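S.K.: Model the structure of this input:
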Amino acid sequence: MTSDEIIINGGRPLRGRIEVRGAKNLATKAMVAALLGKKKSVLRNVPNISDVRVVAGLLALHGVLITRGKNDEWILDPSNVEVAHAPDIDAHAGSSRIPILFCGPLLHRLGEAFIPDLGGCRIGDRPIDFHLDALREFGAVIEKLPSGISLTAPNGLHGANIELPYPSVGATEQVLLTAVLAKGQTELRNAAIEPEIVDLICILQKMGAIITIEANRVIFIEGVEELGGYNHKAIFDRNEAASWAAAALATKGDIMVGGARQEDMMTFLNAYRKIGGQFEVLDDGIRFWHDGEALKPVIIETDVHPGFMTDWQQPLVVALTQAEGVSTIHETVYENRLGFTSALNKMGAQIVVHEQGLDDGQRRVMRREFEQAAVITGPTPLHGAEVEVPDLRGGFSYLIAALAAEGQSKITNLGIISRGYENFIEKLRKLGADFIFEA
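M.R.: Numbers count the residues shown, from 1 in each chain. From the prediction side, this is the model:
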């Protein structure tokens, strides 16, 4: 729980320009990648978010010297990597799942690693079995302790043939960060191919890695003896861009999202247009707005890239409460990501969650055993209420709902949103929102 809260007077369209910087899902992983190098790395376009600060703290515990350059530039020097004390790791890592990705780099650098119980948003079980199974294939010896997981590599790490049961982003990152310095070759099948994964591969190649992205979600890695540093500008945060786009639609506003790129948001843009949202792709970003026409219902199935991202559906659900008809969201990635809708119902929405999912003859995404579905009937006027942020994307959807609703809303546990949204309070001010923020 965090003590930050905001009181919002809704019913005012958001208008203006905001900027998005580097993606949370790339910047934090790029910082971990610096552990693999023998030289300094420079990461630019780093977002000012709490997850970045958590990773910086964990790197510092392991002896990485971090200095801030101009504006959004971070310089990471891994020349004196050392073992960190378990209690210190636990104190820093409680609010993040990123420590699991330290395993491969630390095993290469130190021969051992310790991972505490993992934190993060409570949107599903998030099993780490994919990670641990892959590390065992590389030759890691894993011991589960009451306080966390201890890993050693008594015979070093070697290449492996790995097929993921699901194209998990985190497990794909784990394999990449481990395979680049492992002896021999690694073939990863059923890999995630998100833009952030490709950007991480670009970083590792700059450091000296040999990685090939092949057809049908296959990634081939040839281990090298050592890596250097990198100088890299992080890819933009497409999740934040989509969230502000949803805010423009729900509040009948007009928001220019500087830094957004069409190529990495094409699936979102298609859905946005089907609903009735307007957008214009410009050289320096994408402008999103609501032209006053009635919104249309849609059917959305979340999926791994290039499908519709699970992180996009929560903010967009708020806009769908104002569409004329019945919309359905099939959530196939996380089994517990629709719990945030109960607070939207408290604010006047009409959303029914089907815990076992729904059959649909028009499905394009393979049904998963633990999926859920949300059926949204609209339009329903939203009104102010007092709600508590449950997770990162659900929390931002509450902001959107409060901004679109008539009357006053109070949102508590607001600090979670700062995990992935840079300076969102200042951005709300720039867009003309009417609120009082209490830190």
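
S.K.: what's the neighbour count on Leu295?
M.R.: When neighbours are defined as other C-beta atoms under 10 Å, Leu295 has 23 of them. Where C-beta positions appear, they are placed from N, C-alpha and C, glycine not excepted.

S.K.: Tell me who's in contact with it.
M.R.: Shown in contact with Leu295 (C-beta atoms under 8 Å, 6 or more residues apart in numbering): Leu249, Ile275, Gly276, Gly277, Ala319, Leu320, Gln322, Ala323, Glu324, Gly378, Pro379.

S.K.: separation between Val32 and Lys70?
M.R.: The gap separating Val32 from Lys70 is 23 Å, by C-beta to C-beta, to the nearest Å.

S.K.: So which of the two has more stuff around it?
M.R.: Val32 (25 against 6).

S.K.: tell me the pLDDT at the more buried one?
M.R.: At Val32, the model reports a pLDDT of 97.

S.K.: try Asn413
M.R.: pLDDT, read off for Asn413, is 94.

S.K.: mind listing what it touches?
M.R.: Met1, Thr2, Asp4, Glu5, Glu388, Val389, Pro390, Gly395.

S.K.: Return the member of those nearest to Gln205.
M.R.: Comparing the contacts of Asn413 against Gln205 with C-beta to C-beta picks out Gly395 as the nearest, at 35.3 Å.

S.K.: returning to that earlier point: in a markdown table, list the contacts of Leu295 along with neighbour count and pLDDT.
M.R.: Shown next, in a markdown table, are the contacts of Leu295 (neighbours: other C-beta atoms under 10 Å; pLDDT from 0 to 100):
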| residue | neighbour count | pLDDT |
| --- | --- | --- |
| Leu249 | 29 | 98 |
| Ile275 | 21 | 98 |
| Gly276 | 20 | 98 |
| Gly277 | 24 | 98 |
| Ala319 | 29 | 97 |
| Leu320 | 29 | 98 |
| Gln322 | 23 | 97 |
| Ala323 | 20 | 98 |
| Glu324 | 12 | 98 |
| Gly378 | 19 | 94 |
| Pro379 | 16 | 97 |
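
S.K.: Which of the residues you listed fall within strands?
M.R.: Gly378 (DSSP state E).

S.K.: Return the helix or strand in the protein with minimum mean pLDDT.
M.R.: helix 86-93 (a mean of 67; mean pLDDT, DSSP states H and E).

S.K.: Need the phi and psi values for Asp284.
M.R.: With angles defined as degrees, to the nearest 10, Asp284 sits at phi -110, psi 20.

S.K.: let me redo that: Pro13
M.R.: Torsion angles, degrees, to the nearest 10, at Pro13: phi -60, psi 140.

S.K.: Can we start the residue count at 44 from this point?
M.R.: Taking 44 as the first residue, the last one we looked at is Pro56.

S.K.: Make a PyMOL selection of the buried ones in the contacts of Asn456.
M.R.: The PyMOL selection below is limited to those of the contacts of Asn456 classed as buried (16 or more other C-beta atoms under 10 Å):
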select buried, resi 47+48+432+433+438
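
S.K.: from the contacts of Asn456, which is closest to Val396?
M.R.: Pro433 (13.6 Å).

S.K.: how about the nearest residue to Ala445, chain neighbours excluded?
M.R.: Residue nearest to Ala445 in three dimensions, not counting chain neighbours: Ser452, with 3.6 Å by C-beta to C-beta, 6 or more residues apart in numbering.

S.K.: Distance check, that neighbour against Asn68.
M.R.: 29 Å.

S.K.: Equivalent analysis for Pro197, please.
M.R.: Distance from Pro197 to Asn68, by C-beta to C-beta: 33 Å.

S.K.: Looking at the two, which one has more neighbours?
M.R.: Using other C-beta under 10 Å, the more surrounded residue of Pro197 and Asn68 is Asn68, with 24 against 9.

S.K.: Before we go further, the more buried one is sitting in a helix, right?
M.R.: Yes: judged by DSSP: H, G, I helix; E, B strand; the rest coil, Asn68 forms part of a helix.

S.K.: Any figure for the gap between the residue lying closest to it once chain neighbours are set aside and Val361?
M.R.: Among residues not flanking Asn68 along the chain, Glu239 sits closest, at 4.6 Å (C-beta to C-beta, 6+ apart). Remark: distance between Glu239 and Val361 (C-beta to C-beta) = 25 Å.

S.K.: what's around Ala214, how many residues?
M.R.: Considering only other C-beta under 10 Å, Ala214 is surrounded by 27 other residues.

S.K.: ok, it touching Leu178?
M.R.: No: between Ala214 and Leu178 there is no contact under C-beta atoms under 8 Å: 10.0 Å.

S.K.: In contact with the closest residue to Gln357 other than its chain neighbours, which residues are there?
M.R.: Closest residue in space to Gln357, ignoring its immediate chain neighbours: Arg436 at 4.1 Å, by C-beta to C-beta, 6+ apart. By C-beta under 8 Å, 6+ apart, the contact set of Arg436 is Cys164, Asn282, Ser286, Asp354, Gln357, Pro358, Arg380, Phe383, Gly463.

S.K.: Closest one to Val396 out of the contacts of Leu338, please.
M.R.: Leu363 (13.7 Å).

S.K.: Could you check how far the closest one is from Ser211?
M.R.: Distance from Leu363 to Ser211, by C-beta to C-beta: 27 Å.

S.K.: go on, Leu401?
M.R.: In terms of C-beta to C-beta, Leu401 sits 24 Å off from Ser211.

S.K.: For those two, indicate the residue with more neighbours.
M.R.: Ser211 (22 against 16).

S.K.: gap between the more buried one and Ile460?
M.R.: 25 Å.

S.K.: Surely Leu224 and Leu79 touch.
M.R.: Yes: Leu224 lies in contact with Leu79 (C-beta under 8 Å); the separation is 6.2 Å.
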